[in-house]
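In: Starting from these lines, generate the structure:
(chains A and B)
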Amino acid sequence: MILLPLLFPLLGSLLLILLGRQLSRRLAGFVGCAASGLAFFSSLFLILSRRPTSTLLLGEWFRFGSLRLPWAFLWDPLSSVMVFLVGGVGLLIHIYSLGYMEEDPSLPRFFALMNLFTFFMSLLALSSNLAVLFLGWEGVGLCSYLLIGFWNHKERAVAAGTKAFLFNRVGDLGFLLGLFWLFKATGTVDFQTLDSLLRGGSIASATATPIALLLFCGVAGKSAQLPLSLWLPDAMEGPTPVSAFIHAATMVTAGIFLMVRLNGLFFLAPGASTAIGWVGGLTALFGGFSAIAQRDIKKVLAYSTISQLGYMVMAVGAGAFAASFFHLATHAFFKALLFLAAGCVIHALRGEQDLFSMGGLRKDLPKTGVLFFIGAAALAGIPGFSGSFSKDWILSSLFLSGHQALWALGLLVEFLTAFYIFRLYYLAFHGSSRSPERQIHKPSATMLLPLLLLALPSLLGGLLSLPAFLALPSPWRSLMASILLFPEPFQGAHGTELLLTLLSAGAALVGFVTARRAYAKAPPSRDLPSPLLEELSKRAFSLDTLLERFLLTPYSRLSAFLDSWVERRGIDRGVYLTGDLFQALAGSLSRFQDGRLHRSLIGLLATGASLLTLLVLL
Amino acid sequence: MSLLPLAAPAALFLSALLFLTEGALASRKAPSLRKIHLPLFSLLLLLSLVPLLFSAPESLFHGQFLWDSLSRCSGLLLGFSALSAMLLLPGYSRKSEVPGAETAALLFLGNLALLLLSSTTHLLTALLALEAFSFITVLLGGILRDRRSSEGAMKTFFLGLTASLFSLFGLALLFGATGKADIASLVSLSPSPLLKAGLLLFLFSFLFKFAMAPLHSWAPDLYQVAPAPLGAYLSTAPKVGIALFLLRLSPALTPLLPFLGAFVIVTVLWGNLCALRQEDLRRLAAYSSVAHSGYMALALLLPSPFRGNALLFYLTVYVIMNLSLFQALSLLPEGPELSPSLENLKGWGKDEPWIAGFLAFALLSLAGFPPTPGFLAKAILFLPALEKGLFLPVGAALLGTLISVAAYFRLFAPIYFSSGSTLKGGDRRGRALLALSSLLLLVLTLWPKGLTLLIKEVFSHV
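Out: Model prediction:
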């Protein structure tokens, strides 16, 4: 039963890969959406039927020494929520793609890859051990690579895909090492066995810390944490539905999912957690600040995604796994909404992505405008919208768990978030049009409907987890309590929590008002007060350049050196010399043999003579 | 005493006589291959194989003729080699210059001599058989009767004669020292210097005919001038006869093992090194066969159960893969002044993909690449040799193998990496024969156990 959410997308993608060229475009689109829809509804059915936590063994994958890896799947609150998210957001984005990719010639390939991605992401979510999870982890990486470079006639798209893949490889190295270390230390990679080991206290903190740090390398790659964040903005070269689905709502959150899945391990590694918290905090600041001066509408959203992922990681670092996962869920909806709305704008303007060529779209695209505003408000954390609940929870957890510095950082980022997202909103939708002859290509109903369905959870999703000080029932908290190995160690006075909530709401509102004052009428000449800051933001701290100068250039110089000196002049020459030596030897030997009889005779007699001599001597 | 074991030699002899008569009676104008020769030859050859079915081991004439499963093995391999040579002839580019009946008779006589050689335990008989075959060698090698082939054949003859003198002298010493010349008595005697000297000198001619360096110098000259189909015979059949005789003799060779080891080292290195520089394909094949003689001689250094197994396995595989090589070479046209070289292989991979594939398979096997039978043969040979501590000969053999890889791979470059107009030659029969050899190699690759089981059976009856 729990395999249904896996089965349908796999079948869909296989069908589209094998028969894609034979199917008509309409049928291909239908198959893609149907597979995604069946996956979603089967997971919905499983949730509604209140299926208890269960594992499904599907035979052995491989056996190596004492390592036995089964094809095992786990249905528990965490995996069910994740599968539900993937299925739900996935279905809406599949439907949206029908409209958005309408004119693309390789539509079957697109849906085949989207279905394949859904399959791998669900595999990741449903896996019952780290090895199967890694399979899904690599699978989504592959799909991401293929979909970023979907328009493979664009050189930049292909390069961006490669970049994403390489950055992920760096992280995955850490992941694999962590996996091996974990197996060596505990003898298992099965989540439930691990949990019982962790609960029983048989894993020391000194063991857990390096493993957690290594696994976090993988997380940093997949979830775009510093210093491995740089691939995500480039990944926006892919089609917008891909950016929404893979590079905002689901795949990039796989790292967070992993850490929540292994919350016991990270809980037992406080040293690692502190480091993780700071990495998350800095990433949040980096993303938020870099988003401010971007001109490309999708780049703003990409940096925003980095920043929000930073929030989630920060929360994990503080031990607030439930809050982190809640933010993952709300973020999935409102970030998908924002991306899809941005997609509507880009679609309407025939591919225009520069914010400074937009303006005044409120009049042309009124529905999109309202829906975008809802998404923006949710992202900014305007009180009442879903984002405010999840983000306030994270911030108060940070404060209450004693990470005041991180909390202050988070508050600053909250302000930045509200500022950059409303800057985007006002630049695009308010003011007057800045490109005189523009023709609007109105979005179809298939594009607007998913937006509407995403806007609902963005508006109301927060109700699932009301702040603790309201003392109302919170389904999310009770759900998460069952998957957390150790209770969250912080509990503040209701007054403190209320104050914290007010402060973060204030930060968001101040950001909103600042952006409104600056951008509502006409855009100012500069986004930031100082030219230096402006440049820093625009170039995202020049990390790409730094990377090139301090890593890539020395690396390629080293390669060139190794190639010319070690490889060619050392190894190759050695090999050739050996060959030449034998050739020369062969040459001198064959000189003995020129086909003259007397030489052969002399050779024969000499052999006989020397044999007899040897016989006498020995 | 039953004379049944003599059926096989008798059949060979009678077949040869029949062909000689036919050749004498046939019109003088057309000495070349006639239509009747091929079916007749095949039929007679198959008939001569029938006695191989009768197995009771028997020793006739005081051990001068020993009929056992090893002799039957020898008869089978020799028959395959001779049949291959004859079947290749109709597709041979200079077939009009080859007298068919004579060739057939010589092949039968050659098989007869070699069968006797491999079926005797008496040194004098062995020497006589070897000498008989050396005439056959000269006649077959020089059968084209142009200046080059006559010269090559005569050179071989003179050198062979000289080598035989050593052997004769050695035999005299042996007989003088012991009064005996059969293997069993030699084994039982305690080694004296005179015995050692006698044996060593006696071996001389055998090592010469086996093409062990530095006594190999006739081989490239002869293979180059002999027609390629007969080259196939001359590079395989004598090795079968001599190797099996040396296997019978090997218990008596214990005092001479260091000398044999030295021969092995020199041969594998010299043969492979010289192969590295050859442009002429048949000279290359000659040096390759020299090197393989070295590997087979290495088997003689092994202790008893391994010796026979390794030698017989290697010999069988060698016969098949070397025949493949010469069968492929037979498809290339030759002329009085034209000897196929590496150049002539250009573009084979594209124009003749199957033939090129078969040849490549044989080359890989000759070079000893896993999982080809050539590799298995070397593994079966080298591993026990290492265990016995024969580090020097095995080291040399490994080095030689390494060099041989380069030598054989030189053929891949023209076949697959350059294009050119292919010189077409050969006929259906030649191609089918090559396919058959490749099939045999493939069967040995996939199911080498079959051969090892066969070999085990052979030695259970000896």
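
In: Disregarding residues adjacent in the polypeptide, which is nearest to residue A:203?
Out: residue A:197 (5.7 Å; Cβ to Cβ, 6 or more residues apart in numbering or on different chains). All C-beta spots, glycine's among them, are computed from the backbone N, C-alpha and C.

In: neighbours around that neighbour, how many?
Out: Per other Cβ atoms under 10 Å in any protein chain shown, the neighbour tally for residue A:197 reads 18.

In: can you tell me the helix or strand for it?
Out: Counting by DSSP states H and E, the element that carries residue A:197 is helix A:191-199.

In: Can you name every helix or strand that that helix contacts?
Out: Contact partners of helix A:191-199 among helices and strands, from 3 or more Cβ pairs under 8 Å, 6 or more residues apart in numbering or on different chains; DSSP states H and E: helix A:155-186, helix A:263-267.

In: Out of the ones you listed, the one nearest residue A:556 is which?
Out: Among these, helix A:155-186 comes nearest to residue A:556, with 13.8 Å by Cβ to Cβ.

In: Give the other helices and strands that the closest one contacts.
Out: Using 3+ Cβ pairs under 8 Å, 6+ apart, helix A:155-186 sits against helix A:130-148, helix A:191-199, helix A:205-222, helix A:231-234.

In: Next, the angle from it to helix A:205-222.
Out: Per axes from the mean of the first three to the mean of the last three Cα atoms, to 10 degrees, the angle that helix A:155-186 makes with helix A:205-222 is 170 degrees.

In: In the stretch 351-462 of chain B, what residue spans correspond to helices?
Out: For the stretch 351-462 of chain B, applying DSSP state H, counting those that start in this stretch gives helices covering B:353-367, B:373-387, B:391-409, B:412-417, B:428-446, B:448-461.

In: do the first one and chain A meet?
Out: No: using Cβ under 8 Å from any Cβ of the partner chain, helix B:353-367 never reaches chain A; the gap is at least 15.0 Å.

In: tell me how far that helix is from the chain's mean position?
Out: Centre-to-centre, helix B:353-367 and its host chain are 20 Å apart (Cα atoms, centre = their mean, to the nearest Å).

In: between it and helix B:428-446, how many degrees?
Out: Computed with the same axes, to 10 degrees, the direction of helix B:353-367 lies at 50 degrees from that of helix B:428-446.

In: Helix B:353-367 packs against which elements?
Out: Under the contact definition 3+ Cβ pairs under 8 Å, 6+ apart, helix B:353-367 sits against helix B:304-330, helix B:348-351, helix B:373-387, helix B:391-409, helix B:412-417, helix B:428-446.

In: Deepest-packed of those, please.
Out: A comparison of the helices and strands packed on helix B:353-367 by mean neighbour count, using mean count of other Cβ atoms under 10 Å in any protein chain shown, puts helix B:304-330 on top with a mean of 24.

In: any idea how far chain B is from residue A:436?
Out: 62 Å (Cβ to the nearest Cβ, to the nearest Å).

In: residues near that residue, how many?
Out: Residue A:436 is flanked by 5 other residues according to other Cβ under 10 Å.

In: would you say it is within a strand?
Out: No: using DSSP: H, G, I helix; E, B strand; the rest coil, the assignment for residue A:436 is coil, not a strand.

In: how close does the closest residue to residue B:193 other than its chain neighbours get to residue B:406?
Out: The shortest distance from residue B:193 to any non-neighbouring residue, by Cβ to Cβ, 6+ apart, is to residue A:615 (7.5 Å). Distance, residue A:615 to residue B:406, using Cβ to Cβ, to the nearest Å: 36 Å.

In: One more: residue A:298?
Out: Distance from residue A:298 to residue B:406, by Cβ to Cβ: 57 Å.

In: Residue B:322 now?
Out: In terms of Cβ to Cβ, residue B:322 sits 19 Å off from residue B:406.

In: buried set for stretch B:140-147?
Out: Using 16 or more other Cβ atoms under 10 Å in any protein chain shown as the test for burial, stretch B:140-147 gives B:140, B:141, B:142, B:143, B:144.

In: shaky segments in chain B?
Out: Along chain B, the parts satisfying pLDDT under 70 run over B:1, B:27-31, B:55, B:421-425, B:461-462.

In: what residues does it put near chain A?
Out: Within chain B, the positions near chain A by Cβ under 8 Å from any Cβ are B:155, B:158-159, B:162-163, B:166, B:193, B:196-197, B:200-201, B:204, B:208, B:214-215, B:217-218, B:220-221, B:258-259, B:270, B:273-274, B:276-278, B:403, B:406.

In: Could you list which of those residues belong to helices?
Out: B:155, B:158-159, B:162-163, B:166, B:193, B:196-197, B:200-201, B:204, B:208, B:218, B:220-221, B:258-259, B:270, B:273-274, B:403, B:406 (DSSP state H).

In: Got the phi and psi for residue A:120?
Out: phi -70, psi -40 (degrees, to the nearest 10).

In: For chain B, see how far away the closest residue to it other than its chain neighbours is.
Out: Leaving aside its sequence neighbours, residue A:120 sits nearest to residue A:139 (Cβ to Cβ, 6+ apart; 3.1 Å). To chain B, residue A:139 is 34 Å away according to Cβ to the nearest Cβ.

In: Residue A:241 now?
Out: Residue A:241 is 48 Å from chain B, by Cβ to the nearest Cβ.

In: Touching, that residue and residue A:100? I think so.
Out: Yes: counting by Cβ atoms under 8 Å, residue A:241 touches residue A:100, with 5.6 Å between them.
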